[in-house]
Structures are given as structure tokens and as C-alpha cells.
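In: here is a sequence with its predicted model. Questions after.
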There are 2 protein chains.
Amino acid sequence: MVKIIRVNMTTKECLFQDVPAEYAGLGGRGLTSLIINKEVKPTCSPLGPHNKLVFAPGLLGGTTCANANRISVGCKSPLTGGIKEANSGGQPGGHLAKMGIHALIIEGMAKEGEWYQLELEENQAKLVPSTVTGLNNYEAVAKLVESYGKENSYVTIGRAGEFKLTAASIAFTDRELRPTRHAGRGGVGAIMGSKGLKAIIVKPGQAKGVPIKNKEAFNAASKRFSKALTTHPVTSQGLPLYGTAVLVNILHEAGGLPSYNFSQGRFDDHEAVSGETLNQLTSQRGGEGVVSHGCMTGCIMRCSGIFPDKDGKFLGKWPEYETLWSFGPNSGINDIEMIVRYDKICDDVGVDTIDVGAALALFMEAGVLKFGDAEGALKLMEEISTGSAIGRVLGCGASTVGRVYGLRRVPTVKGQSLPAYDPRAVKGQGVTYATTPMGADHTAGYAVTANILSVGGTVDPLSTAGQVELSRNLQIATAAVDTCGLCLFVAFAVLDVPDALTAIVEMLNARHGLTLTVNDVPGVGKAVLDLELDFNRRAGLTNAADRLPDFFLDEPFPPHNKVFYLTDEELDSVLKW
Amino acid sequence: MVKIIRVNMTTKECLFQDVPAEYAGLGGRGLTSLIINKEVKPTCSPLGPHNKLVFAPGLLGGTTCANANRISVGCKSPLTGGIKEANSGGQPGGHLAKMGIHALIIEGMAKEGEWYQLELEENQAKLVPSTVTGLNNYEAVAKLVESYGKENSYVTIGRAGEFKLTAASIAFTDRELRPTRHAGRGGVGAIMGSKGLKAIIVKPGQAKGVPIKNKEAFNAASKRFSKALTTHPVTSQGLPLYGTAVLVNILHEAGGLPSYNFSQGRFDDHEAVSGETLNQLTSQRGGEGVVSHGCMTGCIMRCSGIFPDKDGKFLGKWPEYETLWSFGPNSGINDIEMIVRYDKICDDVGVDTIDVGAALALFMEAGVLKFGDAEGALKLMEEISTGSAIGRVLGCGASTVGRVYGLRRVPTVKGQSLPAYDPRAVKGQGVTYATTPMGADHTAGYAVTANILSVGGTVDPLSTAGQVELSRNLQIATAAVDTCGLCLFVAFAVLDVPDALTAIVEMLNARHGLTLTVNDVPGVGKAVLDLELDFNRRAGLTNAADRLPDFFLDEPFPPHNKVFYLTDEELDSVLKW
């Protein structure tokens, strides 16, 4: 039976509820944003008892649909002050869906200093005192696996979440029971920490899987969808062979790879920190290294490689492109093995690699470290787990480093750091950064597709023309994709292969007994965005928050030497329909 | 001749301009807020070249009117993100007025790492390389006095301003050429630092003073105004004998003295940190100590005593009530001599004692220090000047400490810390904190008058009744007082002695050749507030920012055990007319 589980951290009650009609039609991001919109006071203190933390698998989660087991996490963000949805791969999303859990809502707040872990079964949930308090994610998960077993999946926060740092993430275990998958952005880990919830043990047990109203139709559509993913060049070759890091050389070439804290768009040593190098070193070293690794059951794009050290032992997961960027070009560092280590530290202590990498570059901008000082960066990264002042500042992300060090060139929107695509050289991306309700977030409307990759059409990345429509359409589509629980990377195929979207809609219909058409999809995306915009408006975020920092408007960006010159009026038109 | 001086830090040009008609009718806060509203892009990065820093004496500045030589400082605040006016006593306000300087506007930005000082004469202004970079205020001023002489006054920032910390203040020398008077709130010192302006040497020279259109009428009104101040018990006895610290015992008695980070309204050792103790120790020790000291020419209330050490040497100025509160009861510290030392450190490094004191209490809330650890507090305070991470966090004030340490009970509105009157026990003050465009600021609408002191009527501090009107009327009146350059403490007399306001209006008319009546005063105040509210709205601050943190709504406050229960609708009605 599909249900909502409410875990009250104040009273320790775990309540199983039927899904109210109002919450029935959505999943993933659509559902977390709906619940946050309806149940959380927009002006509440994010770290207080009135905030909620919602976990929800998507509408296609738990099925045989490819890449549909993402999990969404929603709350009021302690970083942006607005609504937040961050989603992740790993196993818990699929498990929750199979267990018939429509949403898991964490409410209230444990007493200061008390920590709990949630034992979550199909028909039972129980809060018990945490056995892993003070541990970072790798050690915590290892200990939990020892106690609870390998058949489960695990959701944890590291010490950054315990410290309630605004870049703290929530970790989800992958198929190898490593805490490598993260709901990274917006400080969702701080909210889990604020509740006093250190870990969730997701025990799928004998859960039978999700009911499919029309199995035959579902399977037929599922096959067509898989075919699109296994034939499109990005999803069938680029991602499995090089991970998202395939983009390093591409963005360098395009002059849109922000280097030295967004000072220039090319990085001389780009090859050294590229996906090609990840692939080459992993292939050469062998051992526990893996090229073409899937982070969750049902993944057929397999972008999440495993990076071995010189002896072939696991050193860390393949860093995402955005991680290679933040610690690499943007910090002037060209040592890919060091970047794998920083990434591992982020996974372990539990912080967003984008915001913390951008924060590291700001320490360099402030002169605390020199750009390119890889050893100094390692030392500083190790401070996060200690709880020292400087470590906490770093773990709070770019906006806090900018404030503490009195910096002017702080690349954030709504307090959240811009990722690895400069808005002056990839203008569609700049429009998304400025306007998404999430704070600067590349995934919210990934205009790199048409701006750089000629996927889903072509829009000149340096011109203003077409960027508003591009970002708008992508933001709408993304909200729908995130609602289905689909990995965003399916979009590469969906944008180029019309039948892929048809197949998704047919799967939704077959799974839930609906009669949607392709034309209904934008309406879903708009409805989700409207919920988010409404929350943000009531939380006090106006159009004035939909602006890039001045230096993107003032400083021409080499090599193209353009500034970001969309007007305020253009930005304000993006999410109007 | 009255003029506006524009100092462009980018080009180093100093331009003398006639006062445009639009800027002619206002002074002080009214003028700084008008200029910021008209000339600064509300969404600009506060530390960037598009922000401006405006200094303006009031409409009665430079005259023989008692207590009229305050100076207003305006900018977009790096702390609140909204408009800021912070005003100060000391000598520069009167000097600027006498020199015919209607406003001094600092524009643009020097190159990173370059520091200048402004030599300002009646008919000439010149930027020269700073001779005091890296020095804190006491040393900087001493060196400047050595170079430029004792006949001038000085405006400086300490290292906190150089670091661009969000609690950095701007120091103004008093009559003894000590940098004890500060535009403290909202990080105005960070803006001066961001411009690359380390100091202003104000050289009144032979400036003849301000022209009075009707001297006879002015002098007659001035005398009546002085009489009101020298006969009202607060301004003639309470303030000169005990400084603003007269309030410690009063607020304790009222149960509104926030102690241990706003956990309770009484402090057992209140006597030890009271104005009575300041008076007693100063009188006993003698030497350089002074009871009843005026901070600026023309002051007849003389609240700014000088505190001697055991040997009678200058240890620091008398801390204000809010300073005694923040480092005392709110941090659990009962050692008044230590508090004088913290205050001296704040004056020297150049930070707001309210926000930094509130931040110190948050370090205690976070467990970094124990409440009451006076020695630990001293060590931490000394970190600010070093530029260490922890020192910078402290120097950024309460909201940054709250963020970095993941705290929930962070007493700020619009990022600025609440001062020394708990909004649950002094509800009119809570209304002001929530709604003033300045961020939590007691001076913006000082409801302690009617709530606690029975000045200007009586309004039960624990009830919601009458608080909206009280705060509204006080906010309007204060905006007018700040526009005249009057010390806010004249309000005690003005609220109780009807002729005092009449006298002010007569002085304004006599000075400027106007025909105002007492009934016109609220219109001036409203116009100033409208300019500020308009700027804030365009900067993105909505009603959602006009809220107290949840814990004031959730936690009953001993001894009265009340929460703050004015409704959002009531708060939203305060600044409507």
C-alpha cells in the first residue's frame, strides 16, 4: 500500500498515513515542493522545528524504467532561504518506491545534542539512538552495514550535517554500499542535522515492488525509452566512457570553463583534469577501478566511474564535471588525483562539492591560499571535519567565505554558488542561474545542451537571443523530469529523440492508470515551478534575488570578452506563463 | 557656500558641486537616504563600485542648537542588504556643517590593496596615499593627529573596516581626539574599506559657521530647547550621571534585560555592570576618569563618561548600555572592567559593539566558550584584529556566527542583531526591530520610552495593545530627529515637554528661512521612511523580512514568560500611512 510516513523528531512518533488526495498525483521534486509549500511556514527559521525535511521517490521510481530511481529531498534551504529540492542517485530512491513509500516527512526537532537513526521498513518505522554520531559518512555507513546488513541502503549525514553547515549534503549509498551519491545542494544535510537525525536505514526486505496498471504497455514503452538512451551518443558513449567529466575539454574549448574564480574561460591544464584522463588512468591502473559504472539499480548510462589509486585500490568515485571544475580550473589546481581526494573528503564529511569547491577558490581570491596550491587545499579541506572556525566557514560554502573575507567577486545567486559554466560565455545557463527558484543551479535548466552541445537544437551561447525561451523550456521540462524520479541525463536523449518523451508519458500512464499526453508534460513542470515560486515569494525572495552578482555584468570574460547582458526585464520574463 | 563633495575613488577626483534642488531640503539621515535611494542600484553588490558611502550633517548641524552635531552615514548595507543609516556623535559632524558641506559622497572603488586618506578642507579636497594602513583606530588617529594637528577631527576605520567585516564601524573622534564615537551598525565601515578609504582628515580651518536666516528667533528657540534638556530628569540627571548605562538596573527590574543569549530577562549580577557602578568607580578612581562628559561640541546631556583604570589612567569610554548588555548579561559576564576593555577593543579595531557582543554570546551558545568566561572572551575579541578566521567570523557579527556554527537561536532581523531589550518583554521595541528598514535597531523607534520609562505616555510593555501605534509614531519622529542631526536622546525631553518640539521647528525655520509648523514634522519623517522602504523593496526586502526569528515566538521569556505575539498583519501595518 502506498503511504506517507511522518517521523516526528520531537515526540519520536512514526506515523503511517494514507496518501491524501492532494499529494497523490506527484512524486519526486513535484511532491517535495508541494509538501514544503503546503506544510512549512515560509518565513520560519530553517534550522528550527517548523521546517520539514521530505524524501520522495519519483513517479517512475521502483519500476523497470531505466534511470528512474532518483530520490528527491525537499526543505526550506538554510543556504538560500527559499525552497529547496536536491536529488540524488544511489539505492534508497528505488528502495523507498518499492516499499510503497510515497514520501517520508521528517518533522519537529530532537533535543539539542541528541542524535537518532531511523529504522525504516515497509510497514514499520522506528527511531532509535544513533550508533554512529560523530562519524563521517564512510565510517558511519560501514558501521551501519555491519549492524544492519548489506541488503539495505543507507542515508546519512557526515560531520558537516551534524555541524549544520549550509553546504552540508545528505549521502545515499550506491550499489556497493558506499556513500558516494549525494543530495548536495542548498544545505539539506544541515536540515537533517537540525532535526537530530543522523541516519536512515532503509530496509526494503521483501517489498514486492510497485504495482503497474498496464504491464504490457509499460514494458513496451520502457524498451523504447532504453533504446533511446543506448543509442544517443551522449548517453551511450560520452557519459559511460568519461563520466560527466567529458565536459572539461568541451567547456575549455568553448571558452566557458570558469578558471581562477571566474576570471577566465580557459584553463591551460584542462587535459590533466578531464574525463579522458579519468578514463585513461582508471583503465591503466585497473584493480578496483571501474569505467562505466552505474550508481543505482536500473541505470544504463553508467557515468559514475570508480577511481583507483596507483595500487588499484578504491581512492574515490569519479568526480563529476562540476567537482573537477570547482577544485580544478576554478582553483587553479591541475592534479586530478588530488581532486579525487577532495571529492572523497566531501563525500565523507558530507558537503556539496560545488559550493565548497567554489569556496576554496574564494580562499585563494582572499589570499589565504595561492591559486593552484593543491597541498594547502588538502589541509584546508581536512579542517571541515574538525569543526574549527576556518573549516566551518569553508563548509558553509562560497557565500559565507565571501562574507567572512569581505570579498566582492562572490559567484552566488540567492547565496548558492554558480557551477562550472560561466554565465557570460554560456548565457542560457546564466539565465537559469539567475531565475531558478533553487539558487544558482545548473541542473534546474541545463542550457549547456543547446548552447554548447547542439542537443535539442542550437542557441548561440554568446548572444542573448533565444536564451530566455531556452532556459524557460528547460526549467519546465526539468521540473517534470525531477518529478518522475528520472536521472536528468535522460534529457540528452529526450531532447533529440521525440519518441523518448512519448515513451516516458506512456510509462506514466501505464504505471498509474493515467491518460496523459506529451502535451500535458509542460503543465506538470509549470505547476511544480509555480509551487516553488509561490513559496519563495512568501519567504521574501523577489525578482531582486533573480540577479547575477555585479562582476558578471562588469567584467568581460576572456577569451570571448563578453559580459552577461540580459536585461532585468528579460530575466523577469523567464518564469512567466 | 553650501556644497556637495563627490570623491571618486576610482579616478581620485574630488568634485565640489552646488547642492541640487532635489537634495537641498534635507540633512542627516533624510539626505543620506535620499542620495542612496536616488543614486545606488538597490541590487548592487554592497562591496562593489556601484555602492556609495554618504556622510551628512543634519539640518541643525553647526549651529548653537544643543546636541545637533550628529553625523549620518548612509550606504547599502553589506549586513542587511538594505539601505543603511548609522549616525554618530563626535566632532566631524559639526565640522562638516560649519564647512558648508551638505554631503560628502564617496563613489567608485580604489584598486584592491590600495589605501587612501582624504584631506578635506572648506574649499578643497584631496586623496593622498594612506599613512595609517593596517593600524587600528587609536594608533591611526594618534599618527594622523601628529601629522595634521589637533585642530582637526578625524574619521577612520580600523582593521575590521579594512577586512570589510559586516560589523565594521566608522570611527569619529571626540573632543579629546579619541576615536570613541562610531557609526556602528550595519557594516558601514566595510563600505568605507571597500572603497579603499582609510581615513578622512576634516580640517575646519577658519570655516565661519553656518548662516542663520533669523538669528534672534534662532537664539530664543535654542534657549528654550536647552532648557527642556536641562530640566527633564532623564536628560539632565540620568544620562549625565550614569550614561545610557542607567538602563541596566531598570531593564533588569522590568524583566526585559536579555541574558545568556536572550534566554531570560533578569541577570543576577546586574548591579555589577550598571551605570551606578560606572559612576561609582569613575568617581572613586578619579584621574583621567570623567563623569558627565559630552562627546561633541554643543552637547549638554553629557552621557559619554570616561572610565579610568585603577591608577586613574584612561581605560576606555563609558560603554553604552547596549554594550554593557551585549558583553555583560547577554554573555553572562559580570566584570565591568573587562567590558570596558572589550568596548575599547571594538572602538579600536572598529566594530559595532551590539552585533559583536551578540556574536560573542552566540559563540557561548555554540559551546566554543562558556557563558561568563571573561578571559576567554578577551582572547576571542583580540582575534578580530589578527584577521584569523575565527576573528573575522566574530567581526562579521551575530548572523555570521549563527550561520557558521549552525545555530537556531540567532537574534537578528534582516541579518542585524537585536539590541538590549527583549521583544517579548518590551513588545513595542519588538515591533520596531521587526519593521524598521534598518534591520533590528533600537534607535529607529525607541519604544522603551513609553513601555518602560513612562516617557511620552505609558504603554504596557507586555501587552500587544498600542505597540503598533507607538512604534510607528516613534519611527516617524526618529527619522525627523535624525534628519536634523540631533542626538536621539533629546527625544526624552521632546516627548514630555511640548515646547521642545516647537523650539526645534522654530530653529529649523530660523536657520533655513522656512515656515514649518509642528504639524509638518511627521510628514518629514514619513518621507524619509518612504525613501528607505522604497529602496529596500527594490533591493528585494519584503514584509517577509519584517519578522522576528521563530524562537521569540516559541519560547516564553522569564520572568514574565511571554512570547512575542503580535500578528504578521499587525507588523505589516506599522509603516503604512
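Out: Perfect, thanks for sending it.
In: okay, CA-based contacts and neighbour counts for the rest of this
Out: OK.
In: now do A:Pro411 against chain B, distance only.
Out: Counting by Cα to the nearest Cα, to the nearest Å, the separation of A:Pro411 from chain B is 11 Å.
In: isn't that residue right up against A:Leu418?
Out: Yes. Between A:Pro411 and A:Leu418 a contact is recorded at 5.8 Å, counting by Cα atoms under 8 Å.
In: need the residues touching each of the two.
Out: Taking Cα atoms under 8 Å, 6 or more residues apart in numbering or on different chains as the criterion, A:Pro411 and A:Leu418 both touch A:Ala358.
In: which ones are touching the single nearest residue of the stretch 101-250 of chain A relative to chain B?
Out: Per Cα to the nearest Cα, the residue of the stretch 101-250 of chain A with the smallest distance to chain B is A:Lys164, at 4.6 Å. Each residue near A:Lys164 by Cα under 8 Å, 6+ apart is listed here: A:187, A:189-191, A:193-194, B:405-407.
In: let's go with 6 Å and repeat that
Out: Contacts here follow Cα atoms under 6 Å, 6 or more residues apart in numbering or on different chains; on that basis A:Lys164 touches A:190, A:193, B:406.
In: those into a markdown table, with extra columns for pLDDT?
Out: Formatted as a markdown table, the entries for the contacts of A:Lys164 read as follows, by pLDDT from 0 to 100:
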| residue | pLDDT |
| --- | --- |
| A:Ala190 | 98 |
| A:Gly193 | 98 |
| B:Gly406 | 98 |
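In: for the residues you listed, which one is nearest A:Leu486?
Out: A:Ala190 (25.1 Å; Cα to Cα).
In: which residues touch the closest one?
Out: A:Ala190 makes contacts with A:161, A:164-165, A:168, as judged by Cα under 6 Å, 6+ apart.
In: most surrounded residue in those residues?
Out: A:Ala168 (40 neighbours; other Cα atoms under 10 Å in any protein chain shown).
In: quick check: residues of the stretch 151-300 of chain A near chain B?
Out: Selection of the stretch 151-300 of chain A residues close to chain B by Cα under 6 Å from any Cα of the partner chain yields A:163-165.
In: and for chain A?
Out: Taking Cα under 6 Å from any Cα as the test, the list of chain A residues beside chain B reads A:47-48, A:163-165, A:389-390, A:392-393, A:404, A:406, A:408, A:539-540, A:542, A:544.
In: could you confirm A:Ile5 falls within a strand?
Out: Yes. The assignment for A:Ile5 (DSSP: H, G, I helix; E, B strand; the rest coil) places it in a strand.
In: which of the residues of chain A next to chain B tops the neighbour count?
Out: Note: the member of these with the most neighbours is A:Leu165, at 35 neighbours, neighbours being other Cα under 10 Å.
In: that one and A:Cys396 touch, don't they?
Out: Yes. Contact criterion Cα atoms under 6 Å: A:Leu165 and A:Cys396 qualify, at 4.9 Å.
In: please enumerate the helices of the stretch 401-550 of chain A.
Out: Secondary structure of the stretch 401-550 of chain A (DSSP state H, counting those that start in this stretch): helices located at A:427-435, A:448, A:467-484, A:490-496, A:498-512, A:521-539, A:550-554.
In: shaky segments in the stretch 1-150 of chain A?
Out: Using pLDDT under 70 as the threshold, the predicted model of the stretch 1-150 of chain A has low-confidence ranges A:1.
In: residue ranges for the helices of it, please.
Out: Using DSSP H, counting those that start in this stretch, helices in the stretch 1-150 of chain A cover A:21-24, A:28-39, A:92-98, A:137-148.
In: returning to that earlier point: in CSV: the contacts of A:Lys164, plus distance to B:Leu453.
Out: Formatted as CSV, the contacts of A:Lys164 follow (distance: Cα to Cα, whole Å):
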residue, distance to B:Leu453
A:Ala190, 43
A:Gly193, 44
B:Gly406, 37
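In: okay, now the unreliable bits of chain A?
Out: For chain A, applying pLDDT under 70 flags the ranges A:1.
In: most remote residue from the middle of it, which is it?
Out: Of all residues in chain A, A:Glu216 has its C-alpha farthest from the mean position, at 32.9 Å, by Cα atoms, centre = their mean.
In: quick check: phi and psi on it?
Out: Listed backbone geometry of A:Glu216 is phi -60, psi -50, with angles given as degrees, to the nearest 10.
In: and the helices of the stretch 401-550 of chain A, which is most packed in?
Out: helix A:427-435 (a mean of 31; mean count of other Cα atoms under 10 Å in any protein chain shown).
In: next SSE downstream of that helix?
Out: Read in the C-terminal direction, the helix or strand following helix A:427-435 is helix A:448, with elements assigned using DSSP states H and E.
In: which other helices and strands does that following helix contact?
Out: Helix A:448 is packed against no helix or strand, with contacts defined by 3 or more Cα pairs under 6 Å, 6 or more residues apart in numbering or on different chains; DSSP states H and E.
In: and it, how far from the chain's centre?
Out: A distance of 17 Å separates the C-alpha centroid of helix A:448 from that of its chain, computed with Cα atoms, centre = their mean, to the nearest Å.
In: equivalent analysis for stretch A:276-291, please.
Out: Centre-to-centre, stretch A:276-291 and its host chain are 25 Å apart (Cα atoms, centre = their mean).
In: just the CA coordinates of it, formatted as CSV?
Out: These are the backbone C-alpha positions of stretch A:276-291, laid out as CSV (Å, rounded to 0.1, in the frame of the first residue of the first chain):
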residue,chain,number,x,y,z
GLU,A,276,39.6,11.4,-20.9
THR,A,277,42.3,11.4,-18.1
LEU,A,278,39.9,9.8,-15.7
ASN,A,279,39.2,7.1,-18.2
GLN,A,280,42.8,6.6,-19.1
LEU,A,281,44.1,6.4,-15.5
THR,A,282,41.3,4.1,-14.5
SER,A,283,41.8,1.8,-17.4
GLN,A,284,45.6,1.7,-16.9
ARG,A,285,45.5,1.1,-13.2
GLY,A,286,42.7,-1.4,-13.2
GLY,A,287,42.2,-3.1,-9.8
GLU,A,288,39.0,-1.7,-8.1
GLY,A,289,38.8,1.0,-10.7
VAL,A,290,35.7,0.9,-12.9
VAL,A,291,34.9,2.7,-16.2
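In: report the buried residues of that stretch.
Out: In terms of neighbour count (16 or more other Cα atoms under 10 Å in any protein chain shown), stretch A:276-291 has its buried residues at A:276-279, A:281-282, A:285-287, A:289-291.
In: now do the contacts for A:Arg6.
Out: Here A:Arg6 is in contact with A:14-15, A:105 (criterion: Cα under 6 Å, 6+ apart).
In: that one and chain B: what is the separation?
Out: For A:Arg6, the distance to chain B under the criterion Cα to the nearest Cα works out to 22 Å.
In: excluding its backbone neighbours, what's nearest A:Ala366?
Out: A:Tyr405 (6.5 Å; Cα to Cα, 6 or more residues apart in numbering or on different chains).
In: got the contact list for the residue in the stretch 1-150 of chain A positioned nearest to chain B?
Out: Closest residue of the stretch 1-150 of chain A to chain B, Cα to the nearest Cα: A:Leu47 (5.5 Å). With Cα under 6 Å, 6+ apart as the criterion, the residues that contact A:Leu47 are A:191, A:194, B:408.
In: how far does stretch A:371-387 sit from the chain's center?
Out: Its chain's average C-alpha position is 23 Å from that of stretch A:371-387, according to Cα atoms, centre = their mean.
In: next, count neighbours for A:Asn136.
Out: By other Cα under 10 Å, neighbour count at A:Asn136 equals 24.
In: so what's it up against?
Out: For A:Asn136, the contact set (Cα under 6 Å, 6+ apart) comprises A:158-159, A:348-349.
In: ok, which pair from those is furthest apart?
Out: Of all the pairs that the contacts of A:Asn136 form, the one spanning the most space (Cα to Cα) is A:Arg159 and A:Asp348, at 8.5 Å.
In: what about those two, which has more around it?
Out: When A:Arg159 is set against A:Asp348 and neighbours are counted by other Cα under 10 Å, the residue ahead is A:Arg159, at 27 against 24.
In: just to revisit the earlier point, where's the residue farthest from the centre of chain A relative to A:Ala510, distance?
Out: Using Cα to Cα, to the nearest Å, one gets 8 Å for the distance from A:Glu216 to A:Ala510.
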